[in-house]
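Peer 1: Just need the structure, nothing else, for what follows:
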Amino acid sequence: MSKENKTTISAVGSPETNGAPGASGEDTLTVTDNRTGRSYEIPIVDGTVRALDLRAIRVDEDDFGLMTYDPAFMNTAACRSSVTYLDGTNGVLEYRGYPIEQLAEKSSYLEVAYLLVHGELPTTSQLADWQHQITIHTFVHENIKEFLGGFRHDAHPMGMLLSATAALSTFYPEANDIDDPECRHIQTIRLISKMPTLAAFAYRHAQGQPYVYPDNDLAYSGNFLNMMYKMTELKYEPDPRLERALDVLFILHADHEQNCSTSAVRSIGSAKPDPYSAVAGGIAALYGPLHGGANEAVLRMLRRIKHRDNIPDFVKGVKDGKQRLMGFGHRVYKNYDPRARIIKKAADDVFEVVGRNPLLDIALELEQIALEDEYFIDRKLYPNVDFYSGLIYEALGLPVAMFPVMFAIGRTSGWIAQWREMVEDAEQKISRPRQIYTGERSRDYVPIDQR
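Peer 2: Okay, here's the model as predicted:
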């Protein structure tokens, strides 16, 4: 690139405040456009500059102005949010300021869902009312059963969940009134309460088994296990260890900042459709193997290794570029994913009930090697949440097609919390990214007989 097409950038501000939240007014970015020789002073607020401020940098009056190019939003903040704090360098994950470790140890999933949606932990009476509202809305319209019955016997349960969630918008047309707080509240309740029902129905359909209705005597995770596994018994009694492990998994998956599916929910929601349509978009994003299907890849890898004796050869293959180490590393985390430590304990509880999965021994040794080997340490390849979650789901007897469905149940509270925040954000406009056009221009049409 020639000198004429370069810019010179420098930051100005005190070391104590530069780039920090609530930075003082003296924090600025000075940009010199070497095409024109003009300099621009751009404010730095919360460690960011507004992309629209760059539009002032232009060559002449007819110039559109400078844009930023950031495929996959690697370094672009698309919103302000107070839902989840994530520090990937130090391995910190907090929901509304509460460490994920404390919530996983002390909370239930519904308490965490309340926290995400309302911003504060509930009182005893608030939690009781919240649990009651969720419980009495777990049933779905009978026509939903007929709708799901129309899918082939081998339909992917994630596709069924996606379609059924979108279909809920036709059962609740009033959900379009997203500016009404009361309307938003009831749709929030419905989404969180009905997602396990839809997921369980999709599973039973795939198994060729009759649907099991919700049991309002059971807690959230126990009721889900009931709808999944009840057969001929008059009353399904979930094992409390499995119920708690499932609750922990839902908590760990509840939210994770502006990931692909959450970004999809916000982007679709910015056009102001009903929340069922927006959340269906999140499910569609989660359907992808790079997002909700990552734990399936871990299981395939462990099965390919087969035995602990084969681990050294596998690790050598990874270093030589011939093998891929699945379940390690993360776009955001450059440290041990805090969720991985918690889910490892949940795996122990599940195996105590159903028996030890032989793949666990391979996983544990592989993890130990990765944590001690300089090759993996230098590349910051630490275990992430997907490394153990697939082992738990398999231990519960779930087919791999159900893994992203389980993810979606827990993530629903985060999606709806992010959606509500987006709706109430005065700065929010309809999502409309810019592009750099690389195609042809001003071509004349050629008749077909002359081509």
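
Peer 1: Tell me which residues are up against stretch 366-386.
Peer 2: 91, 252-253, 294-295, 297-298, 302, 305, 311, 314-315, 319, 325-330, 333-337, 339-340, 343, 387 (C-beta atoms under 8 Å, 6 or more residues apart in numbering). Glycine gets a C-beta too; all of them are placed from N, C-alpha and C.

Peer 1: Out of the residues you listed, which end up buried?
Peer 2: 91, 252-253, 294-295, 297-298, 302, 305, 311, 314-315, 325-330, 333-334, 336-337, 339-340, 343, 387 (16 or more other C-beta atoms under 10 Å).

Peer 1: Which ones among those map onto helices?
Peer 2: Taking DSSP state H as the definition of helices, the buried ones among the contacts of stretch 366-386 contribute 252, 294-295, 297-298, 302, 305, 311, 314-315, 339-340, 343, 387.

Peer 1: nearest to F151, of these?
Peer 2: F151 lies nearest to N295 out of those, by C-beta to C-beta, at 23.8 Å.

Peer 1: quick one: contacts for D63?
Peer 2: D63 touches nothing, counting by C-beta under 8 Å, 6+ apart.

Peer 1: going forward can the numbers begin at 693, since that is how I track them
Peer 2: I'll keep to 693 as the first residue from here, and by that count the last item is D755.

Peer 1: Can you tell me the SS state at it?
Peer 2: Following DSSP: H, G, I helix; E, B strand; the rest coil, D755 is assigned to coil.

Peer 1: for D947, same thing?
Peer 2: Using three-state DSSP, the structure places D947 in coil.

Peer 1: any idea how far the closest residue to E988 other than its chain neighbours is from P1004?
Peer 2: Nearest residue to E988, sequence neighbours excluded (C-beta to C-beta, 6 or more residues apart in numbering): V1092, at 4.6 Å. For V1092, the distance to P1004 (C-beta to C-beta, to the nearest Å) stands at 27 Å.

Peer 1: Among the two, which residue is more densely surrounded?
Peer 2: Neighbour totals were compared for V1092 and P1004, and V1092 leads with 15 against 11 (other C-beta atoms under 10 Å).

Peer 1: List the contacts of that one.
Peer 2: With contact set as C-beta under 8 Å, 6+ apart, V1092 has these partners: E988, L991, G1082, Y1085, E1086.

Peer 1: Swap in 10 Å and give it another go.
Peer 2: Going by C-beta atoms under 10 Å, 6 or more residues apart in numbering, V1092 touches G985, N987, E988, A989, L991, R992, G1082, Y1085, E1086.

Peer 1: Could you give me the ChimeraX syntax to select whichever of those residues are buried?
Peer 2: Per 16+ other C-beta under 10 Å, the buried members of these correspond to this ChimeraX selection:
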select :985,987,988,989,991,1082,1085,1086
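
Peer 1: Tabulate the contacts of V1092 (a markdown table), appending distance to I1054 and pLDDT.
Peer 2: Shown next, in a markdown table, are the contacts of V1092 (distance: C-beta to C-beta, whole Å; pLDDT from 0 to 100):
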| residue | distance to I1054 | pLDDT |
| --- | --- | --- |
| G985 | 20 | 78 |
| N987 | 15 | 79 |
| E988 | 16 | 80 |
| A989 | 15 | 82 |
| L991 | 11 | 86 |
| R992 | 12 | 86 |
| G1082 | 13 | 84 |
| Y1085 | 17 | 88 |
| E1086 | 13 | 87 |
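
Peer 1: Same list (the contacts of V1092) but as TSV, adding distance to E874.
Peer 2: Output for the contacts of V1092, formatted as TSV (distance: C-beta to C-beta, whole Å):
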residue	distance to E874
G985	37
N987	38
E988	40
A989	43
L991	44
R992	47
G1082	40
Y1085	37
E1086	42
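
Peer 1: Could you list the low-pLDDT ranges of the protein?
Peer 2: Low-confidence segments of the chain, defined by pLDDT under 70: 693-717, 1023, 1025-1026.

Peer 1: Show me it divided up by domain.
Peer 2: Per automatic domain parsing, the structural domains of the chain span 695-761, 775-1118.

Peer 1: Name the stretch among those domains that sits most buried.
Peer 2: domain 775-1118 (a mean of 19; mean count of other C-beta atoms under 10 Å).

Peer 1: Report the distance from that one to the chain centre.
Peer 2: Centroid separation for domain 775-1118 versus its chain: 9 Å, with C-alpha atoms, centre = their mean, to the nearest Å.

Peer 1: ok, back up a step: quick one, which of the domains of the chain gets closest to R1143.
Peer 2: domain 695-761 (33.5 Å).

Peer 1: pretty sure A1032 contacts V990?
Peer 2: No - look at A1032 against V990 with C-beta atoms under 10 Å: they stay out of range, at 11.4 Å.

Peer 1: got any residues that touch both of the two?
Peer 2: Common contacts of A1032 and V990, defined by C-beta under 10 Å, 6+ apart, comprise G1019, F1020, P1075, N1076, D1078, F1079, Y1080, S1081.

Peer 1: Can you tell me how far the residue nearest to H983 when sequence neighbours are not counted is from A858?
Peer 2: By the measure of C-beta to C-beta, 6+ apart, the closest residue to H983 outside its immediate chain neighbours is C952, 5.0 Å from it. For C952, the distance to A858 equals 18 Å [C-beta to C-beta].

Peer 1: likewise H1022?
Peer 2: In terms of C-beta to C-beta, H1022 sits 29 Å off from A858.

Peer 1: do L778 as well
Peer 2: Using C-beta to C-beta, one obtains 29 Å as the distance from L778 to A858.

Peer 1: again with K886
Peer 2: The gap separating K886 from A858 is 13 Å, by C-beta to C-beta.

Peer 1: What of I997?
Peer 2: With C-beta to C-beta as the criterion, I997 and A858 are 39 Å apart.

Peer 1: Was I right to think A956 contacts A977?
Peer 2: Yes - contact criterion C-beta under 10 Å: A956 and A977 qualify, at 4.2 Å.

Peer 1: which residues do the two both contact?
Peer 2: H983.

Peer 1: My understanding was that N767 contacts T760; is that so?
Peer 2: Yes - contact criterion C-beta under 10 Å: N767 and T760 qualify, at 8.7 Å.

Peer 1: May I ask you to name the longest helix in the protein?
Peer 2: Per DSSP H, the chain has its longest helix at helix 873-899.

Peer 1: downstream neighbour of it in the secondary structure list?
Peer 2: The element immediately downstream of helix 873-899 (helix or strand, assigned by DSSP states H and E) is helix 912-921.

Peer 1: now the angle from that next one to helix 873-899?
Peer 2: 30 degrees (axes from the mean of the first three to the mean of the last three C-alpha atoms, to 10 degrees).

Peer 1: okay, helix 912-921 in CSV with CA atoms only?
Peer 2: Extracted in CSV, the C-alpha atoms of helix 912-921 (Å, rounded to 0.1, in the frame of the first residue of the first chain):
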residue,chain,number,x,y,z
TYR,A,912,-37.3,-27.9,36.3
SER,A,913,-34.5,-30.4,35.5
GLY,A,914,-36.3,-33.3,37.2
ASN,A,915,-39.4,-32.6,35.1
PHE,A,916,-37.2,-32.6,31.9
LEU,A,917,-35.8,-36.0,32.9
ASN,A,918,-39.4,-37.2,33.5
MET,A,919,-40.5,-36.1,30.0
MET,A,920,-37.4,-37.8,28.5
TYR,A,921,-37.3,-41.1,30.2
